[in-house]
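Peer 1: sequence? don't have it. structure:
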């Protein structure tokens with residue numbers, strides 16, 4: 001799997017899913033989309049679609065994680081963590097392939 005979800009991030013995703021009105025087959029879809037100040041933006045969504053020919057699926061700490069094969073090329077070795085501190089709170093992408101990232105951490109270039 002190209003992307004690893006930390007246990008802390010998985011706990012937060014599960015909490016989010018429990019609070020929302022999501023289908024039982026909901027998955028965490030992680031991807032990359034063009035845009036942002038550095039060229040690519042990280043994408044993190046709750047979805048129910050999964051295409052075996054287009055996506056990879058894994059179960060990480062009780063969360064079903066889906067990554068499309070195109071995004072996987074840019075995300076190989078990436079870890080998604082959840083940070084909660086006084087200065088900021090949210091999901092963080094630790095991407096070893098990123099040559100440059102923006103200040104907010106939501107976009108990158110390779």
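Peer 2: Yep, it's here. Treat the numbers as computed from the prediction; the structure is a model and nothing was measured. Numbers count the residues shown, from 1 in each chain.
Peer 1: residue nearest the middle of the protein, spatially speaking?
Peer 2: Computing the C-alpha centroid of the chain and ranking residues by C-alpha atoms, centre = their mean puts residue 30 first, at 3.7 Å.
Peer 1: sec struct for it, please.
Peer 2: Using DSSP: H, G, I helix; E, B strand; the rest coil, the secondary structure recorded for residue 30 is strand.
Peer 1: would you list every one of the strands in the chain?
Peer 2: Taking DSSP state E as the criterion, the chain carries its strands at 3-5, 27-34, 40-47, 55-60, 63-68, 78-84, 89-94, 100-101, 107-109.
Peer 1: could I get those strands as TSV with distance to residue 21?
Peer 2: In this view, the C-beta of every residue, glycine as well, is placed from N, C-alpha and C. As requested, those are arranged in TSV below (distance: least, C-beta to C-beta, whole Å):
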stretch	distance to residue 21
strand 3-5	22
strand 27-34	16
strand 40-47	11
strand 55-60	22
strand 63-68	17
strand 78-84	22
strand 89-94	21
strand 100-101	34
strand 107-109	30
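Peer 1: please identify the deepest-packed of the ones you listed.
Peer 2: Ranked by average neighbour count under the criterion mean count of other C-beta atoms under 10 Å, the strands of the chain are headed by strand 3-5 at a mean of 22.
Peer 1: now that strand: how far from the chain's centre is it?
Peer 2: Its chain's C-alpha centre and that of strand 3-5 lie 7 Å apart, by C-alpha atoms, centre = their mean, to the nearest Å.
Peer 1: any idea how far residue 85 is from the residue nearest to the centre of the chain?
Peer 2: With the distance defined as C-beta to C-beta, to the nearest Å, residue 30 ends up 22 Å from residue 85.
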